[in-house]
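**Student:** What follows is a predicted protein model with its sequence.
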Amino acid sequence: MLTQLIESFTWYRYSKKALARLENPRCAGKFDPAASDERGVRLVTAEAGFAEDGNKVRIEWLVDRDDGIIVDARFSAFGQTALLIAADIGCELCISKNYDQARRLTTELMDKALRDKGDQPAFPKETLPHLQLVIEALHDAADHCNDLPLSVAYVAPPVPSDQMAIEGNGYPGWLELPYQQKIAVIEQVLDDDVRPYISLDAGGVNVLKLEDNTRLLIGYTGTCTSCYSSVGTTLSYIQQVLRAKVHPDLNVIPDL
Amino acid sequence: MKGIYLDNSTKARPSPRAISAMLPYLSDMWGAPSAPHQGGNMLIGTMENCYRTIYNFLGASEQDTFILTSSGAEAVNQVYHSVYHGATRRLAKTHFIVSATDEAPSLMCVSRLEEVGCIGEMLQVDPQGLVSLEDIATLITPSTALVSISWGNGLTGTLQPIQEIAELCRSKGVLFHVDATHVLGRMYFDLKDIGADYLTFNAEQLHAPSGIGGLLIRKGAPSHPLISGGIEQAALRAGSLNIPALVALAEICKECDEHRDFLGTETARLRNKLETDLNKHVAGSKLFFQNQYRLPHISVAAFPNVVNETLLFLLNKKKIMACIGGGSFQQLALVMETCSVASPLAHSCISFSLSRETNEEDIDATVEAIAQALQQLNKSILC
């Protein structure tokens, strides 16, 4: 209740990253239909909301006709600050993803992408409807792409098949290491055996926390944030590598 | 506060003169006036002087009752409380009429009365923001207890035909409340001509320190305390009388009298300059209520294709403070929609309220900042 007594206007509760986007949006604007045709990509336009309600957003994508990858994304809006920020981060998170991945974006992922600190929301809770409006527009855009094929590799893990058989019994003496050194070992394994592969698809993975020496919390970045396999084969691969090269009891839990 | 402040309908900068006047009563002259000893009695002379100044400023008769309150909202609540106990409970008059463009306290008081069986009815306004006498006459029934109207609207500047409404209410035997917050100190009037049963105001808009409001009750109108518990203020508001606030308010009344001509001329000129310059330098801007009798210090402008909250954010970054409603106001977009402005345009409106401290440089900087902000938003604007 005390926090409600001293709650300020939404502007003062946005994260610094969100505010920076409001002043310098990266994805504001529109595409030229003629130029899109020349590039051989599909221009997809989707809208959500109503100007009569004071909040309407338009999302535009340039989508590769061969694999459904969103090459570029832009927005325009008649709306409040929260809608502009949400539209901007929503567009940026779509770039390099395919339309199916874009459809999996959530308001939480958009919020996480703009947080200054891990547990401090970037958007005040009352602005959630604006984020939902952007999600609605993204779904509409994805629906306009349903006829496009997706890459055959989309549902496969982003690692070469000859790397899948991983052997090892863990890092000798890992349990006795101080916490920071344990994390360093995990980071090294991720650098060597995971990140090079998932970065090929513009994805990334971060170590968030290790609990009880067995529960490893990770966070995805880039295209991994809404990838179909980020809770399937990719996760399984990461866990397999870490069990083999760090410790056999490790359980990897994604913070989605 | 640094920056350009054009939100004087929400709060105006506290007057240094009023603060100086109240200071001795915060430190040296601090007795409770209801106390029997000298500590309280020494304040009676000050009280009498202050009350006389306030009565003169309001054009009140000594037979009327002035209650010092903590805000305009409290004063409005006391009006509804008085009418409920004096007319609704005693005479079974359960019908309350309020303007759709009124501020939150009146609207919310009606909502609360509806919870106990009363009926609230909202008067619609025309495109000029005016209520019509015919509408009021049609709505009034034998069970109407109160008509409540804000004389001047703090967001739009429109002025209602109060005198005619008062006459109508009197002829129908209906009590009449006027919220005069945005009119006091800006317009000349004689309360005898107005004829309202209740007049309320919040003094923050008159350059008073925070926490001061007032309620004037015409002789004979029902009056019941909202805050019970003592004999203070003719037993109509319990709690030790806030002498520093009373002193500050009296000083504010003097200042308002002194500055009223200035507000009607120089401030009105600057308001007109703002409107002329927006027309000239901000393409597409649209101004409202220009060709009517209105308050001299308020202007509403729309900036199509941009939502007012987003534009205000960029103006705020440039330390220019204006108003989009909210707080004790309604949202400006809702008020403008009530005035028949199309919905998308209504969401683009910003209200600017000037004060006697506004100067020409403020207006120039504001117009330039708006033009720059719109340019900055250009890429993200949906057309």
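**Tutor:** Right, received. Where do you want to start? Numbering: from 1, shown residues only, chains lettered A, B, ... in the order given.

**Student:** can you tell me which residues contact A:D72?
**Tutor:** When contacts are counted by Cβ atoms under 8 Å, 6 or more residues apart in numbering or on different chains, A:D72 touches A:31, A:61-62, A:95. Yep, even glycine has a C-beta here, placed from its N, CA and C like the rest.

**Student:** Just the element for it, please.
**Tutor:** A:D72 belongs to strand A:70-78 when assigned by DSSP states H and E.

**Student:** just A:I135 next, same as before
**Tutor:** Assigning secondary structure by DSSP H and E places A:I135 in helix A:128-143.

**Student:** Tell me how far that helix lies from the chain's centre.
**Tutor:** Offset of helix A:128-143 from its chain centre (Cα atoms, centre = their mean, to the nearest Å): 15 Å.

**Student:** tell me the mean pLDDT for whichever helix or strand comes after that helix?
**Tutor:** Going down the chain from helix A:128-143, the next helix or strand is helix A:179-189, by DSSP H and E. Averaged across helix A:179-189, the pLDDT comes to 88.

**Student:** got a list of contacts for helix A:179-189?
**Tutor:** With Cβ under 8 Å, 6+ apart, helix A:179-189 has contacts from A:171, A:174, A:177, A:207, A:210, A:213, A:216, A:241-242, A:245-246.

**Student:** Now the buried members of these.
**Tutor:** A:171, A:174, A:207, A:210, A:216, A:241-242, A:245-246 (16 or more other Cβ atoms under 10 Å in any protein chain shown).

**Student:** TSV for those, including secondary structure and distance to A:K16?
**Tutor:** Output for those, formatted as TSV (DSSP: H, G, I helix; E, B strand; the rest coil; distance: Cβ to Cβ, whole Å):
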residue	secondary structure	distance to A:K16
A:Y171	coil	38
A:W174	helix	37
A:V207	strand	24
A:L210	strand	28
A:L216	strand	29
A:V241	helix	35
A:L242	helix	33
A:K245	helix	37
A:V246	coil	35
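
**Student:** any idea which of the residues you listed is closest to B:G326?
**Tutor:** A:V207 (43.5 Å; Cβ to Cβ).

**Student:** Surely the closest one touches A:L190?
**Tutor:** Yes: here A:V207 reaches A:L190: they are 7.1 Å apart, a contact under Cβ atoms under 8 Å.

**Student:** ok so, going back, now render the contacts of A:D72 as CSV, adding neighbour count and distance to B:L23.
**Tutor:** Output for the contacts of A:D72, formatted as CSV (neighbours: other Cβ atoms under 10 Å in any protein chain shown; distance: Cβ to Cβ, whole Å):
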residue, neighbour count, distance to B:L23
A:F31, 18, 64
A:W61, 28, 64
A:L62, 20, 67
A:I95, 20, 61
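
**Student:** out of these, who's nearest A:L148?
**Tutor:** A:W61 (10.9 Å).

**Student:** State the pLDDT value of A:V241.
**Tutor:** For A:V241, the model assigns a pLDDT of 86.

**Student:** So it is in contact with A:D193, correct?
**Tutor:** Yes: here A:V241 reaches A:D193: they are 4.8 Å apart, a contact under Cβ under 8 Å.

**Student:** Relative to the whole chain's centre, how far out is the helix or strand that contains A:C91?
**Tutor:** Secondary structure assignment for A:C91, by DSSP H and E: helix A:81-94. The chain centroid and the centroid of helix A:81-94 are separated by 13 Å, computed with Cα atoms, centre = their mean.

**Student:** on that earlier part again, now for the helix holding A:I135, which elements pack on it?
**Tutor:** strand A:41-50, strand A:55-64, helix A:81-94, helix A:99-103, helix A:107-113 (3 or more Cβ pairs under 8 Å, 6 or more residues apart in numbering or on different chains; DSSP states H and E).

**Student:** for the residue positioned nearest the centre of chain B, phi and psi?
**Tutor:** Nearest to the centroid of the C-alpha atoms of chain B, with distances taken as Cα atoms, centre = their mean, sits B:T181, at 2.8 Å. Main-chain dihedrals, B:T181, degrees, to the nearest 10: phi -50, psi -50.

**Student:** before we move on, what about the one 5 residues further on?
**Tutor:** Comment: the main-chain dihedrals of B:R186 come out as phi -110, psi -30, following degrees, to the nearest 10.

**Student:** With chain A as the reference, measure out to it.
**Tutor:** Remark: distance between B:R186 and chain A (Cβ to the nearest Cβ, to the nearest Å) = 28 Å.

**Student:** OK, contacts around that residue?
**Tutor:** By Cβ under 8 Å, 6+ apart, B:R186 lies in contact with B:152, B:260, B:263-264, B:295-297.

**Student:** cool, A:P149 as well?
**Tutor:** A:P149 sits next to A:66-68 when contact means Cβ under 8 Å, 6+ apart.

**Student:** Among the residues you listed, name the buried ones.
**Tutor:** A:G68.

**Student:** Reformat the contacts of A:P149 as CSV; add distance to B:K254.
**Tutor:** Below are these laid out as CSV (distance: Cβ to Cβ, whole Å):
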residue, distance to B:K254
A:D66, 79
A:D67, 77
A:G68, 74
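
**Student:** The residue nearest to A:S151 when sequence neighbours are not counted: what secondary structure?
**Tutor:** Spatially, and ignoring its direct neighbours in sequence, A:S151 is nearest to A:D67 (4.2 Å; Cβ to Cβ, 6 or more residues apart in numbering or on different chains). Counting by DSSP: H, G, I helix; E, B strand; the rest coil, the backbone at A:D67 sits in coil.

**Student:** any idea how far A:D67 is from chain B?
**Tutor:** Distance from A:D67 to chain B, by Cβ to the nearest Cβ: 29 Å.

**Student:** so what pLDDT did the most centrally placed residue in chain A get?
**Tutor:** Closest to where the C-alpha atoms of chain A average out (Cα atoms, centre = their mean) is A:T225, at 3.3 Å. With respect to pLDDT, A:T225 has a value of 75.

**Student:** tell me the SS of residue 31?
**Tutor:** In the absence of a named chain, this looks at chain A. A:F31 - assigned by three-state DSSP - is coil.

**Student:** nope, chain B
**Tutor:** Assigned by three-state DSSP, the conformation of B:G31 is coil.
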